[in-house]
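Asker: sequence first, then the predicted structure, then my questions.
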Amino acid sequence: MTPAIRIKLSTMMFLEFFIWGAWFVTMGTYLIHNLHATGEQNGTAYATQAFGAIIAPFVIGLIADKYFSAQKILGVLHLIGAGLLYYESTAPDFATFFPGILAYMIIYMPTLALVNSVSFKQMKDPSKDFPLVRVFGTLGWMVAGFAIGWLNWEQTGSLALTFKMAGGASLILGLLSFTLPDTPPGKKGQKTSIGDIMGLDSIGLLKKRSYLVFFLASVAICIPLAFYYNFTNPFLNEVGMKRAAAVQGLGQFSELFFMAAMPFFFVRLGVKKMLALGMLAWALRYVCFAYGDAGANYWMLIVGIVLHGICYDFFFVTGQIYTDRFAGERFKSAAQGFITLATYGLGMMIGYYMSGPIVDHWKTSATTHNWTTIWLIPGGIAVVVMIFFLLFFTDKKHTEEQPGLDIEEPSPGVEI
């Protein structure tokens, strides 16, 4: 890549995740305090991410891969997104807010794959070049959180401005996208089946017990993960943490550190221990939240946030590596799409819809909750998932290194 292209791609990644981080982290606090939403409504709003994750493969598979250049679709989606985000900042109540955020997540989630496609097209060696570009996405998310904390929007009730800030960034990225290197459709003129789009060609991998256990654990662990996404910021603000959105940025610092350290741990621990430690970290995080406070136990809140690196990297990144190795060359792309659809789609959706009623049930007043009990529930779920995984998962390299060789040919899907 030329320096100019590298700068453009890095800027693209920075803005892509700045946009998401600018409103997603604090949306729960905004809904509860500004729009007086219930916990159930809060969970429903966050569930739009899951709907977007389910629909995204169809946008990519039916449009980006076949008809239009990726950078042009990226530009159009972000320009539309800029208008929707501004609209969200003016919504007077939840009933008005929800349709807008649903529409926004349906068009935003496909852009996560599009920025990857645009990047990979320009790279001779993605394994070396992509991390150096993708890291700017993490920085963008962190800068958004620090900006919200520095501007003190949480304490002053000004979180509607987060949507305007994100909308402005979306407008900039939308315009920038049309200047990005051309990324033409890779499957123009080819027939595509529903099975191809959803990764269903890899469903035969579930015939292997190890992968079935991993798959079920992956879906199940996303249930407690949903509690973290939609209620951590409201919780931290309720217990009195100052500039909570900025402090939550420590989780991204942790993610960067453990991402860099993963090769060291992977060689020494192996797949099973890495995945189990990721699940254990989720349980420990919620214990820290359950008993942490803004006083003497403030350190527990910090530990809970910093554990994000182990929670995410040890489970999700290790799981992606395991899926790539287990599926073999024939099924690896389909398997990655299928596990993403199942976790960020099905698993997260269950978690979002479950978390809201639980938070509402343990409400102690108009503005307070019994957070100890609330956080111990997802913590308990994580422990159960970890025990199930440890009892039934085996990583038998000598028998399952290339399981795709004895998987029956999938039946053809409906061609699009």
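Answerer: Ah, there it is.
Asker: avg pLDDT for the longest helix that the chain contains?
Answerer: Of all the segments of type helix in the chain, defined by DSSP state H, the longest one is helix 250-291. Across helix 250-291, pLDDT averages out at 88.
Asker: output whichever helix or strand comes after that helix as PDB - backbone C-alpha positions only.
Answerer: Sequence-wise, the next helix or strand beyond helix 250-291 is helix 298-306, with elements assigned using DSSP states H and E. Written as PDB, here are the backbone C-alpha positions of helix 298-306 (Å, rounded to 0.1, in the frame of the first residue of the first chain):
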ATOM      1  CA  TYR A 298     -13.900   1.300  43.300                       C
ATOM      2  CA  TRP A 299     -11.000  -0.900  42.300                       C
ATOM      3  CA  MET A 300     -13.400  -3.700  41.700                       C
ATOM      4  CA  LEU A 301     -15.200  -1.600  39.100                       C
ATOM      5  CA  ILE A 302     -11.900  -0.900  37.300                       C
ATOM      6  CA  VAL A 303     -10.900  -4.600  37.400                       C
ATOM      7  CA  GLY A 304     -14.300  -5.500  35.900                       C
ATOM      8  CA  ILE A 305     -13.800  -3.100  33.100                       C
ATOM      9  CA  VAL A 306     -10.100  -4.100  32.400                       C
END
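Asker: and helix 298-306 with helix 250-291, angle?
Answerer: Put simply, helix 298-306 runs at 130 degrees to helix 250-291, going by axes from the mean of the first three to the mean of the last three CA atoms, to 10 degrees.
Asker: and helix 298-306, what does it pack against?
Answerer: helix 244-247, helix 250-291 (3 or more CB pairs under 8 Å, 6 or more residues apart in numbering; DSSP states H and E). Every residue, glycine included, has its C-beta placed from N, CA and C.
Asker: adding distance to Cys222, write those out as a markdown table.
Answerer: Listed next are those as a markdown table, based on distance: least, CB to CB, whole Å:
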| stretch | distance to Cys222 |
| --- | --- |
| helix 244-247 | 23 |
| helix 250-291 | 10 |
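Asker: show me how far the longest helix of the chain is from its chain's centre.
Answerer: When distances are taken as CA atoms, centre = their mean, to the nearest Å, helix 250-291 is centred 16 Å away from the chain's centroid.
Asker: cool, stretch 129-140 as well?
Answerer: For stretch 129-140, the separation from the chain centroid amounts to 15 Å (computed by CA atoms, centre = their mean).
Asker: pLDDT (mean, whole number) over that stretch?
Answerer: Stretch 129-140 carries an average pLDDT of 86.
Asker: again with stretch 354-371
Answerer: Mean per-residue pLDDT for stretch 354-371: 92.
Asker: show me the contact partners of that stretch.
Answerer: Outside of stretch 354-371, the residues that reach it under the criterion CB atoms under 8 Å, 6 or more residues apart in numbering are 38-44, 223, 226-227, 230-231, 235, 238-239, 289-290, 373-374, 377-378.
Asker: at 6 Å instead, please
Answerer: By CB atoms under 6 Å, 6 or more residues apart in numbering, the residues outside stretch 354-371 that reach it are 38-40, 42-43, 226-227, 231, 235, 373-374, 377.
Asker: could you flag which of those are buried?
Answerer: When neighbours are counted using 16 or more other CB atoms under 10 Å, the contacts of stretch 354-371 contain these buried positions: 38-40, 42-43, 226-227, 231, 235, 374, 377.
Asker: from those, which is closest to Glu154?
Answerer: Within the set of the buried ones among the contacts of stretch 354-371, Phe235 lies nearest Glu154; the separation is 12.3 Å, counting by CB to CB.
Asker: report the separation between that closest one and Glu40.
Answerer: According to CB to CB, to the nearest Å, Phe235 and Glu40 sit 16 Å apart.
Asker: and what of Leu225?
Answerer: Leu225 sits 18 Å away from Glu40 when distances are taken as CB to CB.
Asker: ok, back up a step: restricted to strands, list the buried ones among the contacts of stretch 354-371.
Answerer: Residues of those located in strands (DSSP state E): none.
Asker: and of the residues you listed, the nearest to Gln49?
Answerer: Distance to Gln49 across the buried ones among the contacts of stretch 354-371 (CB to CB) is lowest for Ala226, with 9.1 Å.
Asker: quick one: contacts for the closest residue to that closest one other than its chain neighbours?
Answerer: Leaving out its chain neighbours, the residue that sits closest to Ala226 by CB to CB, 6 or more residues apart in numbering is Gly351, at 2.6 Å. With contacts defined as CB under 6 Å, 6+ apart, the neighbours of Gly351 are 222-223, 226.
Asker: do the same with Phe257
Answerer: Phe257 is in contact with Gly309, counting by CB under 6 Å, 6+ apart.
Asker: which residue ranges form the helices in the stretch 101-250 of the chain?
Answerer: For the stretch 101-250 of the chain, the helices identified by DSSP state H, counting those that start in this stretch occupy 126-151, 160-177, 194-198, 209-238, 244-247, 250-291, in order along the chain.
Asker: what would those look like in a markdown table with distance to Met13?
Answerer: A markdown table is the format used below for the helices of the stretch 101-250 of the chain (distance: least, CB to CB, whole Å):
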| stretch | distance to Met13 |
| --- | --- |
| helix 126-151 | 4 |
| helix 160-177 | 10 |
| helix 194-198 | 25 |
| helix 209-238 | 21 |
| helix 244-247 | 20 |
| helix 250-291 | 13 |
